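A.B. asks: the following block contains a protein sequence and its predicted model.
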Amino acid sequence: MGILALAADERVADVKFAEDELRVRLRDGRTISAPLVWYPRLLKATELQRSKWQIVGGGYGIHWDDVDEDLSTEGLLRGGPAPRHVRSIVISEVKAAQIEGSGDSQKGYLDYFTEAEEAAHKLQAVIEWINSETLGFSKKINRHSENLAKLKRKTSRAAEYRRVVLLTASDMNTLSKRINTVLPDFETAVEVLDQSFSFYVSFAKRESDRDVEQILSLRTTFCDMLDKVRPAKEGVMTFRESTLSLKEQKISEHLSHAAVILSQSLDGVLANMDHIELFALNINFQVDEKFKERINSED
């Protein structure tokens, strides 16, 4: 490992905004710049709202409480827009106000626990599906790449070469369509989990044995989910790199287009995986702050 690798520190040092750009300075001196249009909540926010940012997740995340936005340095370094938020911030705030102002708050926050639990299980299933699909198609694309490399050297088999090119593009388009089919459900489940569990933690009571038991149960579920997210994320990132390498070879316009579309679909998957990881870091911090003594005694 080189000196530069040892010196890298991807924790956040500072955050600034230009007219249409977000700039994040890391502790190792690097600055990441990204267009604000990638982050609709920040784009629509006022200067005051943008200025109220805080560092979370051990230094690797940024949170804007006023607009309910979370970004990670890993996601910023990779580049790509934030996942589409399917639930409105305003709706969330109205729900919270309704629960606090009603006499049925007990039922309300238990409903959020149920929603969070269902969303967590749904996410595990989606992540397992993505991992399985990515592994299966990765093997296919790698075989196609090997065949293309062999056929390229044999001018007598030009027709076969074109056939493999078309087959590779077709497989990429098939996976893009499959991912885009499940991506809205993936994004919805991430958002539901984030909002519902955050609400539940806010309303749960330190002195309630049932609340502590349910918090511990959900924390275990999150740990299991993160155990699935991390290897799946690595697989998606590796597959994305191999997909883009085919584009860079400029084999055909059709194949390059298919590679771009697939990489964009994979970016959507990775953005949601980033959201899950950052959410888990934030929620663990919230739980430890509020229930530290109770959880330590239970553990």
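C.D. replies: Sure, I can see it.
A.B. asks: V236 against I130, yeah?
C.D. replies: Yes. Assessed by C-beta atoms under 8 Å, V236 is found in contact with I130 at 6.9 Å. Quick note: C-beta positions are derived from backbone N, CA and C, even for glycine.
A.B. asks: need the overlap of contacts for those two.
C.D. replies: Taking C-beta atoms under 8 Å, 6 or more residues apart in numbering as the contact rule, V236 and I130 both touch V269.
A.B. asks: neighbours of E253, how many?
C.D. replies: 9 (other C-beta atoms under 10 Å).
A.B. asks: can we start the residue count at 36 from this point?
C.D. replies: Noted, 36 is the first residue going forward, which turns the last one into E288.
A.B. asks: in contact with it, which residues?
C.D. replies: With C-beta under 8 Å, 6+ apart, E288 has no contacts at all.
A.B. asks: go on, L77?
C.D. replies: F52, L57, L71, R85, W99, V102, E104.
A.B. asks: who are the contact partners of the first one?
C.D. replies: Shown in contact with F52 (C-beta under 8 Å, 6+ apart): R58, L71, L77, E82, R85.
A.B. asks: can you redo these as JSON lines with pLDDT and secondary structure?
C.D. replies: Shown next, in JSON lines, are these (pLDDT from 0 to 100; DSSP: H, G, I helix; E, B strand; the rest coil):
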{"residue": "R58", "pLDDT": "92", "secondary structure": "strand"}
{"residue": "L71", "pLDDT": "84", "secondary structure": "helix"}
{"residue": "L77", "pLDDT": "89", "secondary structure": "helix"}
{"residue": "E82", "pLDDT": "90", "secondary structure": "helix"}
{"residue": "R85", "pLDDT": "93", "secondary structure": "helix"}
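A.B. asks: may I ask which two of these are separated the most?
C.D. replies: R58 and E82 (14.6 Å; C-beta to C-beta).
A.B. asks: among these two, which residue is more densely surrounded?
C.D. replies: R58 (13 against 7).
A.B. asks: so the more buried one bridges to which residues?
C.D. replies: Per DSSP bridges, the residues bridged to R58 are K51, S68.
A.B. asks: three-state assignment of G93?
C.D. replies: helix (DSSP: H, G, I helix; E, B strand; the rest coil).
A.B. asks: repeat for Q89
C.D. replies: strand.
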